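A.B. asks: the following block contains a protein sequence and its predicted model.
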Amino acid sequence: MNILIEDAETLEYLASNGRWTKNVADGKTFRATEAAFEVAKREPIRRFNIVRYFSQTRQFINLDHGRGKGPASDHSS
């Protein structure tokens, strides 16, 4: 199963080396949504999506979303 963490703002995926990548094939896969969610909450990003990726059809399904440890957006302009 290909469960990945996606930075909701940059649309990059967390890789096994702890960096972020645009290449979905280089994204770190998780066995369960809950495990991915716990890791994502500790990342220095604002918003994230937990997605399932089907490589055969190149389709994504959003499974969950949340906030990482990055700074909150400032919407007061």
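C.D. replies: That came through, no problem. For clarity, every value in this text was computed on a predicted model and none was experimentally measured.

A.B. asks: my guess is Tyr53 meets Val24, correct?
C.D. replies: Yes - under the criterion of CB atoms under 8 Å, Tyr53 makes contact with Val24 at 5.7 Å. Every residue, glycine included, has its C-beta placed from N, CA and C.

A.B. asks: now for the two: what residues contact both?
C.D. replies: Common neighbours of Tyr53 and Val24, using CB atoms under 8 Å, 6 or more residues apart in numbering, are Leu4.

A.B. asks: quick one, phi psi at Ala40?
C.D. replies: phi -60, psi -40 (degrees, to the nearest 10).

A.B. asks: so how far is Gly18 from it?
C.D. replies: According to CB to CB, to the nearest Å, Ala40 and Gly18 sit 13 Å apart.

A.B. asks: element containing Tyr53?
C.D. replies: If you go by DSSP states H and E, Tyr53 is part of strand 47-54.

A.B. asks: what does that strand contact?
C.D. replies: Contacts for strand 47-54 (CB under 8 Å, 6+ apart): 1-9, 24, 27, 33, 36-37, 40, 59-68.
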